[in-house]
Each structure stands twice: as C-alpha cells, then as structure tokens.
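Undergrad: Quick one: sequence and predicted model below, then my questions.
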Amino acid sequence: MKIADLITWFEAWANPAWCESWDNCGWQIEPGVLQEKTRVLVCLTPTLAVMEEAIAENANLIFAHHPLIFNPLKSLRTGEAIAEMVRLAFTHKIGIYTAHTNFDQVQDGTADVLAQILELKEVTPIGVTQPGLGYGRVGLLEPFLTLQELLVTIQTRLAPPNLIFSPSADLQQTISRVAVLGGSGASYISAVAKTGAQVYLTSDCKFHQFQESRDRNLILIDAGHYATERPACDRLAQKFQSLNLDWVQLSQKDEDFRQFFA
C-alpha cells in the first residue's frame, strides 16, 4: 500500500474536516512521499527523538496524534526543534501526518479505546458532534467496582507515573457509571456531571477543577496526558498492521514530558 492509499483509507474513517477550528489535522510535512510504499512509525507526539527513530528504521511516514505545527509559524531558524524536524523530514523524505481532534471523536479513537480498556458497557459520547461521533465516552462498569478497585484497575492498565483523584471519604463506595476522555478533558466536567457518571477519568486537570468536580459530586481522576492517549496510538498501529503495508511500528521513543520526584 502506498502512503497516499493509507491516508485515503484513514481519512474515510477519521476525516480531518471534523477537526476543531483551532486544531491542525492532516499533513504537517509532505516531502514528496505519497507514491512511496508505506513504512510508518506511529507516535503520540512528533519529536526529534521520534524523527531520529524514524530515520534509523528507514521509515518514510510519522503518523502522530499531536500536531507538529499547532500555531502559525513566524519563522524557521537553525537550532529550533520544529525547524530541525522540517529539515530532517525533507532531507530523509519522511512525511509527518497528524490525526488529532478528528481521531478523538471516532470509534477506536482516543476516548473509545479508554472506554474499552475499562471494559465499559452501553457506551455513548459525552459530547455528540454528529451522528456516531463525539468527544469522550460514558458507560457502565460490569461488574461494579469499588472506587479503590477502579483506581487499581486504572493504575494497572494505563501505568501512569502519578495518579491523582478527588478527595473521597469512602474508597469502598460502589462505582457503576464512569466517563473517560483522553488528554486534556477538564472543560467537559460540567457535561460529564450531567451524564450521571460518578467518576471522570481524564488528564491535565488544575487545582480548582478538582474543586469544581467535588462540588458537582463527581470524582475526578487525572492519569496524565500520555497515559490516557498513548493506548489509542497502540490501537492505531495494530489497525495499520492489518493492512498491506511494507512496515509498521509503534514508536519506542515517545515521551511523557512529566517526571515525578519520588
């Protein structure tokens, strides 16, 4: 399968036209590789470490969730990370393609994979964008778990370096309805509260957003941006492996940009 064919296949599933107006989905850099046989490295964030990995593996496409170019560039200068990525992409003929908010909305996208990891049933979007699409997922736990059991499940299956949750008087309370949204999902706290969910798993939550959740009787769990979105990249690599591609690999150089001092 050529790169152009892979992109056509993907965009029929997660159309870049569905991305938000502030977002930048689709081609970030296309250095003339559309007719090449696909050797794709899948990652969460396109960084210089990932680019070096792509060069070492003779990949010709980096398929990322996060955009390389988010805000309009005013200049490209030697020594800057994005400028170096552009230089290396053209020098080694490696395309960079991003699926961001369009990938968040679809079946088997970032939120849907989180719901599957927690084995939620009767799943629906938190915020519907169009029929069959939407941000976040909310569903039922079967069987029900205590809050402590749910926290252990999240820690075991997502392996975040640090798991933060709202103050709770009772870790043994029964949890039956859970909402999830990979990445920065604090803006959906109000919408989640209206779904009847008892727990909301997301990331990048601020101090007062934990306060807001507590005031809405919603247990907020922050597992970190990387831990809540990386599983969807793994699923995407698996989907690509089912196609007739020359080579597919999930990046081993993806990074969680936060470290915690023990």
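TA: Perfect, I can see it now. Residues are numbered from 1 along each chain as shown.
Undergrad: where in the stretch 1-150 of the chain is pLDDT low?
TA: Residue ranges of the stretch 1-150 of the chain with pLDDT under 70: none are present.
Undergrad: Mind jotting down where the helices sit in the protein?
TA: Taking DSSP state H as the test, the helices found in the chain are 3-13, 48-56, 81-92, 101-105, 110-117, 147-158, 189-193, 207-215, 225-241.
Undergrad: Turn the ones you listed into a markdown table, including mean neighbour count.
TA: Heads up, the C-betas are built off the backbone N, CA and C, glycines and all. Compiled in a markdown table, the helices of the chain are given as follows (neighbours: other Cβ atoms under 10 Å):
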| stretch | mean neighbour count |
| --- | --- |
| helix 3-13 | 16 |
| helix 48-56 | 18 |
| helix 81-92 | 16 |
| helix 101-105 | 25 |
| helix 110-117 | 25 |
| helix 147-158 | 17 |
| helix 189-193 | 19 |
| helix 207-215 | 15 |
| helix 225-241 | 21 |
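Undergrad: Distance to residue 28 added to the ones you listed, as TSV?
TA: Listed next are the helices of the chain as TSV, based on distance: least, Cβ to Cβ, whole Å:
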stretch	distance to residue 28
helix 3-13	12
helix 48-56	12
helix 81-92	9
helix 101-105	14
helix 110-117	18
helix 147-158	27
helix 189-193	30
helix 207-215	30
helix 225-241	16
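Undergrad: Run a quick neighbour tally on residue 246.
TA: Using other Cβ atoms under 10 Å, residue 246 is surrounded by 15 other residues.
Undergrad: for the closest residue to it other than its chain neighbours, what are its contacts?
TA: Distance criterion Cβ to Cβ, 6 or more residues apart in numbering; nearest residue to residue 246, sequence neighbours excluded, is residue 37 at 4.4 Å. By Cβ atoms under 8 Å, 6 or more residues apart in numbering, residue 37 lies in contact with 1, 2, 3, 245, 246.
Undergrad: Tell me what residue 37 is bridged to.
TA: residue 2 (DSSP bridges).
Undergrad: Check the gap between it and residue 243 for me.
TA: Separation of residue 37 from residue 243 (Cβ to Cβ, to the nearest Å): 12 Å.
Undergrad: Overlap of the contact sets of the two?
TA: Taking Cβ under 8 Å, 6+ apart as the contact rule, residue 37 and residue 243 both touch residue 1.
Undergrad: Pretty sure residue 193 sits against residue 220.
TA: No: the criterion here is Cβ atoms under 8 Å, and residue 193 misses it with residue 220 at 10.3 Å.
Undergrad: Now do the shared contacts for these two.
TA: With Cβ under 8 Å, 6+ apart, residue 193 and residue 220 have common neighbours residue 213.
Undergrad: on that earlier part again, now the contacts of residue 37 in JSON lines, with distance to residue 175?
TA: Output for the contacts of residue 37, formatted as JSON lines (distance: Cβ to Cβ, whole Å):
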{"residue": "1", "distance to residue 175": "43"}
{"residue": "2", "distance to residue 175": "47"}
{"residue": "3", "distance to residue 175": "44"}
{"residue": "245", "distance to residue 175": "40"}
{"residue": "246", "distance to residue 175": "45"}
